[in-house]
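quick one, fold the following:
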Amino acid sequence: MVVSKGKSTNNKNPVAPQKSKLRRFVWFMFKLSLLGLLVIAFYTLYLDARVVEKFEGQRWKIPVQVYGKVHRFYPNSPINLSHLKRELTLMGYKRVTKVSNPGQFALSKSRIIIFRRAFDFGSGVEYPEKIMIDVNQGQEQQFVSKLYIDEQPTDAVELEPYLIDRIVPESKEDRVLVPLQSVPEKLLDTLLVVEDRDFYFHHGVSPLGIARALYSNIKAGRTVQGGSTLTQQLVKNMYLTRDKTIWRKVNEAIMALLLEYRYSKDQLLEAYINEVYLGQHYANGIYGFGLAAEFYFGKNIAQLSNEQMATLVGVIKGPSYYDPWRYEERVKRRRDLVLKLMFDHEYISKDEYLTAVNSSLSVRSSRKLRTKSQKFPHYLQLVKKELSELLSPQDQHSGIRVFTEFSLYTQTTMENVAETSLEKLAGTAEHDLETAMVVSEKNTGAIVGVIGGKQKGYAGFNRAVNASRPIGSLIKPAIFVSALERYQTYQLATMLDDKAITFKADNGDVWQPKNYDGKFSGKASLQDSLVKSLNIPTVNLGMALGLENVAQVMHLLGYQHDITLRPSMLLGAINMSPVEVNQFYLPMVNNGYGVYGHTVNKIISAQGETVYEHMPENVQYFSEQASYLLDYALTKVAKEGTAKSLTWRLKGKTVAGKTGTTNDQRDSWYVGYDDQYLVTTWIGYDDNQPTKLTGSSGALVLYADFMNSLGAVSKLSTPPDGVDEIAFEAKTGYPMAVDCEGNVMLPAVNRGLAMQYSCSEPQPAKKKKSWLERIFGSD
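Residues are numbered from 1 along each chain as shown. As a prediction, the model looks like this:
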């Protein structure tokens, strides 16, 4: 039997299994790749969400920024060019002959030109503008005549406010946010040429930059240049840790691409300017060029010189390695390298380059950053107190901007005057006298300046807020305005008893008040009693009104504490702080209208929404008639009463006010006002020892010195309807319809006056005793 030698049908084909395995492997790899792509896609979406959430939300834990007053000018509004010049200088503006750049101003007798920096007033960043204000000189004040913005007429202009302080959040990250428009162009150009010259041409990751850095590092034999773009650096600072791992670099590259896809180059550059880490101030990091300019040089970013710009750009490479306070020569070499790049790219001229490289580093003498809060701590304390009353702790979140009523010129004037005036008063008192002052706008209650002690910038005990002292005769206007509201019973000419009186308490204590000079006149008119600050007529008036009624008026004026109803309260035996006294007087000097003393004008959230805006109460506490009569008497105080020295201290100015002196001259008070400001001044010792100063010899002197420095504006008073000049008989205080000997003309509420038609019988003049009769007596 012959058997065939062909292949067996049972043998398997070896190629088929191999093809099957390959197909399965390819299919597996395809699915794995697809899964990988899905993972990458979802991970990219996750990173994209992180990028958007932080970049469009709260990018940083921004400090609460507290600003001073936003100066707004309109045609015919008052202006003081010398004050404005001083304030601009304090804000870092530079006076020049020709204005060409933001941060400059030019001044003549009747015109000021200001190149205002970019600023966000609450509705978005406004670009730098050239503002021109023409001024007319009035009798005592200057007034705006015409306004221009970029040479075009306008109806209003506003200047950016002074940054008083930044309240740093718990993260200890302090920042001064600056819009891109506020950054000097030379600084931006230098930053890009040093850190990322292809910034406006790549898409977040620069292969060319990586290759160039690799070549430079190989050539130098060490790491001399990084390949990261500015966008990658922004990602590293804003989103990632500083760990040097491949995974972090992958995240960095992806997020950089996402940022570039979603946002413009200018948005990214502005974020970098405010995010870059530039040093360490003890526990606080220095982030952004705005704060770094202040930290290293004590300047606004717009004020930096060429060499200072080069130093900041050079420090980016390693803030610890290039610490100018520790490694001056190292930092200088780095700075000079950056200056060479600036010269090579024609950002600076040869002369500018030579001047810069031969200059010192010019950093501040001390690393310790003198913050704005250390300059004006007592005003800031009032702001924080008010913020706690206006917003809950949750609403006082990071990034809110607080616009206050703070006047930089007024505050610095107060501080300088307090220092010199107390030295002057040291001739009559010990040198460790202390003081407190509060200055507010008379008509609005806006508190523009506060000092809580004579030492500038001392953040210790705030006497303006926390020193609760007896107010003495400062209480008297509240009693007298209460009486003048009852015009059918009391007028300025009404006679009050001025005779010895005695009060006996239930516990047997006896109180016998006396006038300051210890004398009694028998009778004194209501006006003379206030002008001369007579105690006995005041007590008699207060008792006639009723202690409960007087206490109600005191509460109406803002005194929030309980009052023990006893006669001594009528002479100021209650305690108030200077801030409370200032509030106490505001309605009385504002035509009787309720005015709330305040520091905060407006609060804006990080999103640009108005969280709070101060609105005037516009509630009338006293009639205009009674308020006018009180103002008339307080003006007399400054002309012929206890404050009459103001007639030569403030020569030619019409002002008003009230002195106050407490027992044993432990407290010297003066509250005064002109047409613009209400000023409360206090002088005394912290240990409550006698000062040997009365209100007129102490606090009034400080007030006068301050008003001379500030520039007092004579107050104007127009009698309201229902007030006329009326003849009163001086001896009786009766309104007269006929001429009598000794009649006096005084303003009075004319409704319901019971006019007298006959003069009183003249009293025979008493014969003056001779000195012999006074010694030995007479029949």
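
got the domain boundaries for this protein?
64-165, 419-710, 722-779 (automatic domain parsing).

and those domains: which comes nearest Glu346?
Checking those against Glu346 by CB to CB gives domain 64-165 as the closest, at 18.7 Å. Where you see a C-beta, it was placed from the backbone N, CA and C, and this is true even at glycine.

all helices for the stretch 601-750 of the chain, in order.
624-640, 646-649, 699-710 (DSSP state H, counting those that start in this stretch).

closest to Arg111 out of those helices?
Across these (criterion: CB to CB), the nearest stretch is helix 699-710, sitting at 22.9 Å.

give me the mean pLDDT for that closest one.
Averaging pLDDT along helix 699-710 gives 95.

what of stretch 581-595?
Across stretch 581-595, the average pLDDT comes to 93.

can you check stretch 666-673 too?
95.

right, so the domains of the chain: which one is the most enclosed?
domain 419-710 (a mean of 20; mean count of other CB atoms under 10 Å).

end-to-end on it?
Start and end residues of domain 419-710 are separated by 15 Å (CA to CA, to the nearest Å).

just to revisit the earlier point, between the domains of the chain, which one is nearest to Arg334?
domain 64-165 (26.1 Å).

just the terminal-to-terminal distance for that closest one.
Using CA to CA, the two ends of domain 64-165 sit 8 Å apart.

now for Ile149: which residues touch it?
Glu129, Lys130, Ile131, Met132, Val157 (CB atoms under 8 Å, 6 or more residues apart in numbering).

still on that earlier bit, let's have the domains of the chain in a markdown table, adding distance to Pro184.
Converted to a markdown table, the domains of the chain look like this (distance: least, CB to CB, whole Å):
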| stretch | distance to Pro184 |
| --- | --- |
| domain 64-165 | 8 |
| domain 419-710 | 26 |
| domain 722-779 | 60 |
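
so which helix or strand takes in Asn136?
Per DSSP states H and E, Asn136 falls inside strand 129-137.

equivalent analysis for Asp266, please.
Going by DSSP H and E, Asp266 is part of helix 265-275.

ok, then the element right after that helix?
Past helix 265-275, the next helix or strand by DSSP H and E is strand 277-281.

just for the stretch 151-300 of the chain, where's the confidence low?
Applying pLDDT under 70 to the stretch 151-300 of the chain flags residues 168-174, 206-227, 240-248.

what about the strands in it?
Remark: strands assigned in the stretch 151-300 of the chain by DSSP state E, counting those that start in this stretch are 152-153, 157-159, 163-167, 173-175, 277-281, 284-287.

same for the helix holding Asp266, what does it pack against?
Packing partners of helix 265-275 (3 or more CB pairs under 8 Å, 6 or more residues apart in numbering; DSSP states H and E): helix 185-195, helix 230-238, helix 289-297.

do that again at 6 Å, thanks
helix 230-238 (3 or more CB pairs under 6 Å, 6 or more residues apart in numbering; DSSP states H and E).

need the contact partners of the helix it packs on.
Helix 230-238 is contacted from outside by 195-196, 199, 204, 252, 255-256, 259-260, 268, 271-272, 275, using CB atoms under 6 Å, 6 or more residues apart in numbering.

which one among the residues you listed gets closest to Pro616?
Ala271 (40.0 Å).

not counting sequence-adjacent ones, nearest residue to the closest one?
Leaving aside its sequence neighbours, Ala271 sits nearest to Leu234 (CB to CB, 6 or more residues apart in numbering; 5.9 Å).

count the neighbours of the one you found for me.
25 (other CB atoms under 10 Å).

next one: it from Met255, what distance?
Distance, Leu234 to Met255, by CB to CB, to the nearest Å: 9 Å.

didn't Phe584 look like it was pressed against Leu557?
Yes. Here Phe584 lies in contact with Leu557, judged by CB atoms under 6 Å, at a distance of 4.8 Å.

quick one: the strands of the stretch 151-300 of the chain as a markdown table, columns for distance to Thr538 too.
Shown next, in a markdown table, are those (distance: least, CB to CB, whole Å):
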| stretch | distance to Thr538 |
| --- | --- |
| strand 152-153 | 56 |
| strand 157-159 | 47 |
| strand 163-167 | 41 |
| strand 173-175 | 53 |
| strand 277-281 | 56 |
| strand 284-287 | 55 |
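
which of those sits closest to Lys658?
strand 163-167 (31.0 Å).

counting contacts, what elements does the closest one pack onto?
strand 64-67, helix 372-375.

for the first one, which outside residues touch it?
In other words, strand 64-67. Around strand 64-67, the neighbours that count as contacts under CB under 6 Å, 6+ apart are Pro161, Leu163, Ile164, Asp165, Arg166, Ile167, Val383, Ile400, Arg401, Val402, Phe403.

got a pLDDT number for the residue lying closest to the last one once chain neighbours are set aside?
For Phe403, the nearest residue in space outside its immediate sequence neighbours is Lys602; the separation is 4.3 Å by CB to CB, 6+ apart. Note on Lys602: pLDDT of 93.

repeat for Met91
pLDDT, read off for Met91, is 87.

residue contacts, the spatially closest residue to it that is not a sequence neighbour?
Leaving aside its chain neighbours, Met91 sits nearest to Tyr162 (5.3 Å; criterion: CB to CB, 6+ apart). Residues counted as contacts of Tyr162 (CB under 6 Å, 6+ apart) are Gly68, Met91, Leu408.

can you give the contact residues for the helix holding Asp266?
Leu177, Leu180, Val183, Tyr200, Leu230, Thr231, Leu234, Asn237, Met238, Gly288, Phe289.
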